[in-house]
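>>> Please find the sequence and the predicted model below.
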Amino acid sequence: SQKIEQNSEALNIQEGKTATLTCNYTNYSPAYLQWYRQDPGRGPVFLLLIRENEKEKRKERLKVTFDTTLKQSLFHITASQPADSATYLCARPSGSARQLTFGSGTQLTVLP
Amino acid sequence: SAVISQKPSRDICQRGTSLTIQCQVDSQVTMMFWYRQQPGQSLTLIATANQGSEATYESGFVIDKFPISRPNLTFSTLTVSNMSPEDSSIYLCSVWDRESGANVLTFGAGSRLTVL
């Protein structure tokens, strides 16, 4: 089966530092990976998508990489702020690409 | 992007009862997805609701426990039947959306159920 794993359940970093979150997948490389942010009491919100043939994608302070050799995606938040504190989820397509399978999420806390 | 309204936003239920969650989308969509998020866990897909046909359930989920209706292209309901404390979860409705030329999921705010 196609699994997707996020290694860290929780990550605490100091404000201003770069947060790096890891997402690993098994079996074949998906056509793309997606990253979502979830705040308490809210549904996940889409942040970034990176395709298999893209090594890196940026959006403001966010950067995502896709390494098909390591079967891994890294999600970076530079110059982190307390407002970045949330749970971040990665997801891959499944079920003939008509569904998404989510990782367990990493809870990021940015300390002031 | 699509806007999804879910209700109730939260409820406290007694064991053995059933509760129906409603999901309204502000645009017509072919597929609507129902996810469950148990405390401290990630999202698990329960079923895909297609208008005009039976819902497709994922492994471990059955229609008798989670009946779904999809009367039109903007609305769906999920019923959690004969609830037990193990059903205490957040239930989320979602649809495919387009952003930056890609298919992404847009979610409702979720329905937090607590079963006593």
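Received, thanks. In this text the structure is predicted, and so the values were computed from the model without any measurement. Numbers count the residues shown, from 1 in each chain, chains lettered A, B, ... in the order given.

>>> so B:Ser27, which of the three states?
For B:Ser27, the assignment made with DSSP: H, G, I helix; E, B strand; the rest coil gives coil.

>>> Which strand runs longest in chain B?
For chain B, the longest strand by residue count, based on DSSP state E, is strand B:89-99.

>>> Equivalent analysis for chain A, please.
Max-length strand for chain A by DSSP E is strand A:86-94.

>>> So in that sheet, which strands flank that strand, and in what orientation?
Strand pairing for strand A:86-94, using DSSP bridges, gives strand A:32-38 (antiparallel), strand A:99-102 (antiparallel), strand A:106-111 (antiparallel).

>>> which one of the ones you listed has the lowest average pLDDT?
Lowest mean pLDDT of the strands paired with strand A:86-94: strand A:99-102, a mean of 88.

>>> Pretty sure B:Glu86 sits in a helix.
Yes - B:Glu86: assigned to a helix according to three-state DSSP.

>>> Next one: it, what pLDDT does it get?
For B:Glu86, pLDDT reads 95.

>>> I'd like the distance between it and chain A.
Look at B:Glu86 and chain A: by CB to the nearest CB, to the nearest Å, they are 19 Å apart. C-beta here means a position set from N, CA and C on the backbone, and glycine is covered the same way.

>>> For burial, what's the neighbour tally of the closest residue to A:Leu100 other than its chain neighbours?
Nearest residue to A:Leu100 in three dimensions, chain neighbours excluded: A:Ala91, at 4.4 Å (CB to CB, 6 or more residues apart in numbering or on different chains). Using other CB atoms under 10 Å in any protein chain shown, A:Ala91 has 25 other residues around it.

>>> before we move on, back to that, can you spell out which helices and strands pack onto the helix or strand that the longest strand of chain B is followed by?
Counting by DSSP states H and E, the next helix or strand C-terminal to strand B:89-99 is strand B:102-107. Here strand B:102-107 touches strand A:32-38, strand A:45-51, strand B:89-99, going by 3 or more CB pairs under 8 Å, 6 or more residues apart in numbering or on different chains; DSSP states H and E.

>>> tell me, what residue is most central in chain B?
Among the residues of chain B, the one closest to the centroid is B:Trp34, at 3.1 Å (CA atoms, centre = their mean).

>>> and it, bridged to which residues?
With DSSP bridges as the rule, B:Trp34 is bridged to B:Ala47, B:Cys93.

>>> now the angle from the longest strand of chain A to strand A:45-51?
50 degrees (axes from the mean of the first three to the mean of the last three CA atoms, to 10 degrees).

>>> list the contacts for residue 68?
This is for chain A. By CB atoms under 8 Å, 6 or more residues apart in numbering or on different chains, the contact list for A:Thr68 reads A:Ser29, A:Glu52.

>>> that's the wrong chain, I meant chain B
Residues counted as contacts of B:Ile68 (CB under 8 Å, 6+ apart) are B:Trp34, B:Ala47, B:Ala49, B:Ala55, B:Ser76, B:Thr77, B:Leu78, B:Thr79.

>>> Thanks again, I'm all set now.
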